[in-house]
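Undergrad: Sequence and predicted structure are below.
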There are 2 protein chains.
Amino acid sequence: MSPRGRRPGRSDTRERILAAARRVFGEVGYERATIRRIAGAAGVDPALVHHYFGPKADLYAAAISLPVSPREVAKAIADPGLEGIGERVTRLFFGIWERPEARRPLLAMLRGALEGEDTGVEAFRQFLEEELLGRVAPLLDSPDRYLRVSLAAAHLVGVAVARYVVRLGPIASADLEELVELVAPRVGSYFDQTLGSLNPDRSMT
Amino acid sequence: MSPRGRRPGRSDTRERILAAARRVFGEVGYERATIRRIAGAAGVDPALVHHYFGPKADLYAAAISLPVSPREVAKAIADPGLEGIGERVTRLFFGIWERPEARRPLLAMLRGALEGEDTGVEAFRQFLEEELLGRVAPLLDSPDRYLRVSLAAAHLVGVAVARYVVRLGPIASADLEELVELVAPRVGSYFDQTLGSLNPDRSMT
């Protein structure tokens, strides 16, 4: 069970921190949970929490078994700027969801939301708003930038639900490239502020 | 309980038919379930099933408490043709979801799918493919028409999940008109076969 000869104390501590994190995030939400508070609940030093898990976003990701680092995702989306962002976001998204072990915790979160597990969902919502929307939306300067970025994300989640959950024929059986070819431009168009409407008659107004 | 003075036998029979329908749809799926088979399971004449519920699509809709008639939805989408289809579909979709009592059975279906209730989901998938995609996709003639119509639907479902389930800030608090203004063009663009890609560089190829 411990092939690298890890001292058992280390993984015990990690698990204790993760359990405390889940409890605190669930109780007070993402925004109000602090590393200090979680460390207190786990009975360890805050520096140790940071040493094991990095910043709060990564601790949260570990606590809910997210398969990716939210900081790295936000960086990969935002750092190269708006050029090609539709395709970049779409490929990144499906690159994660195509791995069955990666999609499990995402589906569990969605299931919790549907069952009205309000504490977990509230924390997840705050996390998404702060760590993903809050880092990507500043690429745009229109007043509806948070809505645009959210709608791009919602589009992708809808396709994931159709492909991996409902397994709707045409989407479930589509080649990934074919999917990207059709979805990426629509996702990208949310980042094009000249396109309030794609209908030529209306975009002139 | 029976303010219009209905004879009790009538609602008993309706309920018996609905229970039989749920059982048969769950067991053999949507495609293979016939009115005759459901009537047999309920111990009534097939003509009576048709008299109470109309065609199979409407019986199915009643069995899973769908808040709308799938025939009417498909008609409202397809009959006026491609002109303005993005806005028409988007308004129709949110017109249903904005009513809390209408969204309940839709959320229950999504929850079932996430929990891997495979029989119910399989029937629902077949139902969607046959009664919705099968009636709307013929508006297009490109080989990817089923995929395009499915992606338009998936986009809308994703926004519904964000607005009504996860309640993601910007989407949950958006004015319905603001939402339609941004979403309808993207939904509509799936019906525009000249737009394989919305990226100008690529749509030329």
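TA: Nice, I can see it. A quick note: this is a predicted structure, and the numbers were derived from the prediction, not measured.
Undergrad: The one helix or strand A:L107 maps to close to chain B?
TA: Per DSSP states H and E, A:L107 falls inside helix A:100-114. Yes: using CB under 8 Å from any CB of the partner chain, helix A:100-114 reaches chain B at A:107, A:110-111, A:113-114. To be clear about C-beta, it is placed using only N, CA and C from the backbone, and glycine gets the same treatment.
Undergrad: Just the CA atoms of that helix, as PDB, please.
TA: As requested, the backbone C-alpha atoms of helix A:100-114 are provided in PDB (Å, rounded to 0.1, in the frame of the first residue of the first chain):
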ATOM      1  CA  PRO A 100     -13.300   8.400 -17.500                       C
ATOM      2  CA  GLU A 101     -11.400   8.700 -14.200                       C
ATOM      3  CA  ALA A 102     -11.300  12.500 -14.600                       C
ATOM      4  CA  ARG A 103     -15.000  12.800 -15.400                       C
ATOM      5  CA  ARG A 104     -16.200  10.900 -12.300                       C
ATOM      6  CA  PRO A 105     -15.800  13.700  -9.700                       C
ATOM      7  CA  LEU A 106     -17.300  16.200 -12.200                       C
ATOM      8  CA  LEU A 107     -20.300  14.000 -12.600                       C
ATOM      9  CA  ALA A 108     -20.600  13.500  -8.800                       C
ATOM     10  CA  MET A 109     -20.600  17.300  -8.400                       C
ATOM     11  CA  LEU A 110     -23.300  17.600 -11.000                       C
ATOM     12  CA  ARG A 111     -25.300  14.800  -9.300                       C
ATOM     13  CA  GLY A 112     -25.000  16.600  -6.000                       C
ATOM     14  CA  ALA A 113     -26.300  19.800  -7.500                       C
ATOM     15  CA  LEU A 114     -29.300  18.000  -9.000                       C
END
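Undergrad: For that helix, name the packing helices and strands.
TA: Under the contact criterion of 3 or more CB pairs under 8 Å, 6 or more residues apart in numbering or on different chains; DSSP states H and E, helix A:100-114 touches helix A:85-97, helix A:118-127, helix A:145-160, helix B:100-114.
Undergrad: Rounded mean pLDDT for the shortest one, please.
TA: Right, the one you point to is helix A:118-127. Helix A:118-127 carries an average pLDDT of 79.
Undergrad: Which strands or helices does that helix pack on?
TA: Using 3+ CB pairs under 8 Å, 6+ apart, helix A:118-127 sits against helix A:8-32, helix A:56-63, helix A:100-114.
Undergrad: any idea which of those helices is most buried?
TA: Most buried of the helices and strands packed on helix A:118-127, by mean neighbour count (mean count of other CB atoms under 10 Å in any protein chain shown): helix A:56-63, with a mean of 21.
Undergrad: ok, now which ones touch A:A137?
TA: A:145-146, A:148-149 (CB atoms under 8 Å, 6 or more residues apart in numbering or on different chains).
Undergrad: Put together CSV for these, with pLDDT and distance to A:G26 on each row.
TA: Converted to CSV, those look like this (pLDDT from 0 to 100; distance: CB to CB, whole Å):
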residue, pLDDT, distance to A:G26
A:R145, 94, 30
A:Y146, 94, 25
A:R148, 96, 30
A:V149, 95, 26
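Undergrad: Show me the subset of the residues you listed that also lies near chain B.
TA: Counting by CB under 8 Å from any CB, the members of the contacts of A:A137 that reach chain B are A:146, A:148-149.
Undergrad: pLDDT (mean, whole number) over stretch A:98-115?
TA: Rounded mean pLDDT across stretch A:98-115 is 81.
Undergrad: How is chain A partitioned into domains?
TA: The record's domain split for chain A, according to automatic domain parsing, is A:13-63, A:70-195.
Undergrad: Mean pLDDT lowest where, among these?
TA: domain A:70-195 (a mean of 89).
Undergrad: Which residue, other than its chain neighbours, is closest to whichever residue of chain A sits closest to chain B?
TA: The nearest approach of chain A to chain B comes at A:G158, 2.2 Å away (CB to the nearest CB). What sits nearest to A:G158 in space, not counting adjacent residues and going by CB to CB, 6 or more residues apart in numbering or on different chains, is B:G158, at 2.2 Å.
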